[in-house]
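1. Provide a 3D model corresponding to the input given below.
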Amino acid sequence: MKAIWNGEVIAESNETIVVEGNHYFPHKAINQEFFQPSATHTVCGWKGTASYYDVVVKGQVNKDAAWFYPQTKDAAKNIENYVAFWKGVKVE
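-> Predicted coordinates for the structure are as follows:
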């Protein structure tokens with residue numbers, strides 16, 4: 001699977017995990033040069049507290065376009081530190 005935004009492959013892996021229709025990529029599969037930590041956090045009742053990254057490609061910022069759970073609840077341990085995408089990031 002590849003995650004693509006603004007013409008760049010920002011993550012690629014054969015080991016994604018699909019949860020609620022989203023492909024979660026292992027943290028090691030993201031291309032770090034395109035990611036900047038965000039101050040945004042949200043809470044999911046069964047996964048835990050999510051942290052976000054801004055995706056930055058060719059000078060354009062896609063705010064909070066990637067999220068991950070640094071410490072999940074027990075039910076979501078399989079995606080702990082895996083990264084998922086939205087806001088126009090194409091996963092194919």
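2. Just the element for the closest residue to residue 90 other than its chain neighbours, please.
-> Computed as Cβ to Cβ, 6 or more residues apart in numbering, the closest residue to residue 90 that is not its neighbour in sequence is residue 4, at 4.7 Å. The way it works is simple: take the backbone N, C-alpha and C, and place the C-beta from them, glycine included. Assessed by DSSP states H and E, residue 4 sits inside strand 2-5.
3. what comes up buried for that strand?
-> Within strand 2-5, the residues that count as buried by 16 or more other Cβ atoms under 10 Å are 3-5.
4. circling back to that earlier point, isn't the residue nearest to residue 90 right up against residue 92?
-> Yes: Residue 4 lies in contact with residue 92 (Cβ atoms under 8 Å); the separation is 7.1 Å.
5. Isn't residue 86 up against residue 62?
-> No: using Cβ under 8 Å, residue 86 makes no contact with residue 62, being 9.4 Å away.
6. Compare those two and say which is more crowded by neighbours.
-> Using other Cβ atoms under 10 Å as the criterion, residue 86 and residue 62 rank with residue 62 on top: 20 against 12.
7. A strand includes the more buried one, no?
-> Yes: under DSSP: H, G, I helix; E, B strand; the rest coil, residue 62 falls within a strand.
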